[in-house]
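A.B. asks: What shape does this take:
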Amino acid sequence: MSLGAFIYINPRIQNWLNLAQPGEQATARTQLQRLGNKALKEHISHTREVLVDTVWSSHAAAVAAIVSTFNYSLKTKKEAIKKQTPISDKPLNKQPGQLSIKKADGKHIGLDWSTGLVFGQAQNLARELMETPANLMTPTLFCERIKKEFQRMKNEPPA
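C.D. replies: I've put the predicted structure just below:
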């Protein structure tokens, strides 16, 4: 299904299409569909913020929001990287942690929006490492990448 199927056609334009000759009607409809597709693609490419209704689980909604915005690209030119629009996800409402995970020491961790963001980012990192071709992800480069990812985390022994 093309993106044009979701474009609303103004009734005045619909009447104009109905008055056109059969060959002209198809051409006009095709042109409208192309314009609609272009407008929709431009709108989607300029969208920077996604508001998420957390419904029953803010953790699951956050994971889904982050995983759905995954974009794998091997672009290395600075101009191409700058053209990529980062997407931010925000919950529509705040919810307390409803679910929890039991840690090894028996304590529970509440699962909320912030933990969902961490889980989603971890899954996207795993997807990126998996999608990278072997010639671009040698064992040495893999170790360097993992060091870079975990560099900002504190390495404290468990208390």
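A.B. asks: hang on, W56 is in a helix, isn't it?
C.D. replies: No: membership of W56 in a helix is not supported by DSSP: H, G, I helix; E, B strand; the rest coil, which gives coil.
A.B. asks: where's it relative to G116, distance?
C.D. replies: W56 sits 13 Å away from G116, going by CB to CB, to the nearest Å. From N, CA and C alone the C-beta is placed, and that goes for glycine too.
A.B. asks: cool, A126 as well?
C.D. replies: If you go by CB to CB, the gap between A126 and G116 works out to 16 Å.
A.B. asks: go on, N155?
C.D. replies: Taking CB to CB, one finds N155 at 24 Å from G116.
A.B. asks: Those two: which has the busier surroundings?
C.D. replies: G116 (26 against 6; other CB atoms under 10 Å).
A.B. asks: give the contact list for the more buried one.
C.D. replies: Contacts for G116 (CB atoms under 8 Å, 6 or more residues apart in numbering) come out as S58, H59, A60, A61, A62, V63, A65, I66.
A.B. asks: Next, format those as CSV and append secondary structure and pLDDT.
C.D. replies: Shown next, in CSV, are these (DSSP: H, G, I helix; E, B strand; the rest coil; pLDDT from 0 to 100):
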residue, secondary structure, pLDDT
S58, helix, 79
H59, helix, 82
A60, helix, 82
A61, helix, 82
A62, helix, 83
V63, helix, 86
A65, helix, 82
I66, helix, 85
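A.B. asks: so which pair among those is furthest apart in space?
C.D. replies: Spanning the widest gap among the contacts of G116 are S58 and I66, at 12.5 Å by CB to CB.
A.B. asks: who's more crowded, the two?
C.D. replies: S58 (26 against 21).
A.B. asks: my read: that one touches D112, true?
C.D. replies: Yes: checked against CB atoms under 8 Å, the pair S58 and D112 is within contact range at 5.4 Å.
A.B. asks: So this structure: which segments form each domain?
C.D. replies: Listed domain ranges for the chain are 3-45, 48-150 (source: automatic domain parsing).
A.B. asks: Select from the ones you listed the stretch with the lowest mean pLDDT.
C.D. replies: Among these, domain 3-45 has the lowest mean pLDDT, at a mean of 57.
A.B. asks: Tell me, how many residues neighbour I101?
C.D. replies: 11.
A.B. asks: Nearest residue to it in space, please, no chain neighbours.
C.D. replies: The shortest distance from I101 to any non-neighbouring residue, by CB to CB, 6 or more residues apart in numbering, is to I109 (5.0 Å).
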